[in-house]
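Chemist: Okay, predicted coordinates and the sequence, questions at the end:
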Amino acid sequence: MSEHDTVAALKDVRAGIARAAADYERDPASVTLVAVSKLFPATAILPVLAAGQRVFGENYVKEAGEKWPALRERYPDVELHLIGPLQSNKARDAVQLFDVIETLDRPSLAEALAKEIARLGKAPRLLVQVNTGAEPQKGGVLPADLDGFLEACRSRYGLTVEGLMCIPPADDPPSPHFALLNSMAKRNGLETLSMGMSADYDPAIQLGATHVRIGSAIFGARVPR
């Protein structure tokens, strides 16, 4: 995509979010656009930054560490979300780099994050990823295990969890998964719901998403790693 096309696509996505929010009698300001910039170079991200976008999502700690420190020197008010799987041995780098970690999903990672938060004195906001489709190849806490895991995060590891994240199975209608995530969040007193991507952010907003993660609709097709 050219710089012009990317900025135009960003405007279209913002307008789509606003329309969906209005359709479901929600304040558009209650839905945060997370622009997913994974696998795109800084040159592709700069026009989006210049157009006012400040919340971005990355999947890989190493890639984000290579791109974002220099970008943040120019745009220090950026909020950076980790939306990909996190290895426990990368917890220190993730805590240093990200403002929000959306993929907390197991006790070993909770322990590693708690240790690095205490060591670094920096506490990124945390979301628990829920594997709503119980897909064996995908990270996330199983729905039946969520309440116990949240209690362990709070009482055993001293972590503050602010919300939940999910990625529905590609072949399933997404709405039942979004509704499930919403109900689990309400049951546990959590206000943040990261759900919905380029193809399904409308039903996600209908079912309570506070954050939608949109990449290809803004930046175009990615080159696979």
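Modeler: That came in fine, so what should we check first?
Chemist: what's the nearest residue to residue 115 if we skip its chain neighbours?
Modeler: residue 91 (7.3 Å; Cβ to Cβ, 6 or more residues apart in numbering). Bear in mind the C-beta positions are built from the backbone N, C-alpha and C, glycine included.
Chemist: my guess is the one you found contacts residue 109, does it?
Modeler: Yes. Counting by Cβ atoms under 8 Å, residue 91 does reach residue 109; the two are 6.9 Å apart.
Chemist: on that earlier part again, rounded mean pLDDT for whichever strand or helix holds the residue nearest to residue 115, please.
Modeler: Per DSSP states H and E, residue 91 falls inside helix 91-97. On average, the pLDDT along helix 91-97 is 98.
Chemist: Check what contacts it and list those residues.
Modeler: Residues outside helix 91-97 that contact it (Cβ atoms under 8 Å, 6 or more residues apart in numbering): 61-62, 64-65, 68, 80, 82, 86, 101, 109, 112-113, 115-117, 119-120, 122-124.
Chemist: Please flag which of those residues sit within helices.
Modeler: 61-62, 64-65, 68, 109, 112-113, 115-117, 119-120 (DSSP state H).
Chemist: what's the most distant pair in the residues you listed?
Modeler: 68 and 115 (23.3 Å; Cβ to Cβ).
Chemist: Between those two, tell me which one has more neighbours.
Modeler: residue 68 (20 against 15; other Cβ atoms under 10 Å).
Chemist: how about the longest helix seen in the chain: buried residues?
Modeler: The longest helix of the chain (DSSP H) is helix 3-23. Residues of helix 3-23 classed as buried by neighbour count (16 or more other Cβ atoms under 10 Å): 6-7, 9-10, 13-14, 16-18, 20-21.
Chemist: Outside of that helix itself, which residues are in contact with it?
Modeler: 1, 27-28, 30-31, 33, 35, 44, 47-48, 50-51, 53, 201-202, 205-206, 212, 214, 217-220.
Chemist: change it to 10 Å
Modeler: Contacts with helix 3-23, where a contact means Cβ atoms under 10 Å, 6 or more residues apart in numbering, come from 1-2, 26-33, 35, 40, 43-48, 50-53, 196, 198, 201-206, 209, 212, 214, 216-220.
Chemist: Which members of the residues you listed are classed as buried?
Modeler: Here, 16+ other Cβ under 10 Å leaves 26, 31-33, 35, 40, 44-45, 47-48, 53, 196, 198, 201-206, 209, 212, 214, 217-219 buried among these.
Chemist: what residues are shared contacts of residue 91 and residue 109?
Modeler: residue 101.
Chemist: after the longest helix of the chain, next one along is what?
Modeler: Sequence order places strand 32-36 as the next helix or strand after helix 3-23, per DSSP H and E.
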